[in-house]
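Colleague: My questions concern the predicted model and sequence given below.
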Amino acid sequence: MTTESTLSLVLHDVARLMRKRFERLTRAAGLTRAQWQVLSKLSMHEGIYQKGLADLLEVEPVTLVRLLDKMQARGLIERRNHPTDRRFFLLFLTPSAHPLLQFMRSIGEQTRLEAMADFSPQEYDQLQQYLERMREHLLTACSLPPDEATAG
């Protein structure tokens with residue numbers, strides 16, 4: 001196995017295990033991972049329209065509508081009419097969503113602390129810098145047309 005494929009597999013495995021641990025700790029709240037992601041993104045972009053949120057989450061709008069319907073029925077989000085365009089609904093968290101967000105954030109912090117248990121602050125900072133740099137490289141590569149992305 002090459003170093004490149006090993007790095008990808010380890011990164012994938014770490015992300016999968018962090019999700020698994022997070023999901024296990026949050027199971028009592030009765031939300032799916034997809035619903036947690038909606039809450040998280042919506043907390044940073046309240047007032048966004050449904051298509052915009054679907055784009056941020058990288059899901060199809062029809063998939064998001066089903067999630068939003070369930071979350072609205074549970075009283076976690078509300079859809080408000082757009083002030084000037086009746087075709088759009090704007091999305092907002094309800095007051096009952098905020099305790100869940102706090103819970104989610106504390107479990108996320110616990111999961112991160114477990115994953116980084118024996119890292120020094122310097123190691124943590126260095127890892128963060130490397131991963132951010134990798135993300136920037138990949139964002140740049142993803143923005144290139146396919147023929148430019150493969151040339152190199």
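Modeller: Done, it's in.

Colleague: can we go C-alpha only for contacts and neighbour counts from here?
Modeller: Noted.

Colleague: Domain-wise, how is the protein divided?
Modeller: Using automatic domain parsing, the domain parsing of the chain gives 8-115, 119-146.

Colleague: Can you tell me which of the ones you listed is most buried?
Modeller: domain 8-115 (a mean of 15; mean count of other Cα atoms under 10 Å).

Colleague: which residues touch residue 36?
Modeller: residue 104 (Cα atoms under 8 Å, 6 or more residues apart in numbering).

Colleague: how close does the residue nearest the centre of the chain sit to residue 56?
Modeller: Among the residues of the chain, the one closest to the centroid is residue 37, at 4.8 Å (Cα atoms, centre = their mean). Residue 37 sits 10 Å away from residue 56, going by Cα to Cα, to the nearest Å.

Colleague: tell me the phi and psi of the closest residue to the residue nearest to the centre of the chain other than its chain neighbours?
Modeller: Spatial nearest neighbour of residue 37, excluding adjacent residues (Cα to Cα, 6 or more residues apart in numbering): residue 57 at 7.6 Å. Residue 57 adopts backbone torsions of phi -80, psi -10, taken as degrees, to the nearest 10.

Colleague: just to revisit the earlier point, TSV for the domains of the chain, including mean pLDDT?
Modeller: Formatted as TSV, the domains of the chain follow (pLDDT from 0 to 100):
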stretch	mean pLDDT
domain 8-115	92
domain 119-146	94
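
Colleague: quick one: the residue nearest to residue 37 and residue 141, what's the gap?
Modeller: 20 Å.

Colleague: what does residue 31 give?
Modeller: 34 Å.

Colleague: ok, back up a step: for the residue nearest to residue 37, list the residues it contacts.
Modeller: 37, 38, 41.

Colleague: cool, and residue 19?
Modeller: Neighbours of residue 19 in contact, by Cα under 8 Å, 6+ apart: none.

Colleague: ok, the residue nearest to residue 37 to residue 128 distance?
Modeller: For residue 57, the distance to residue 128 - Cα to Cα - is 22 Å.
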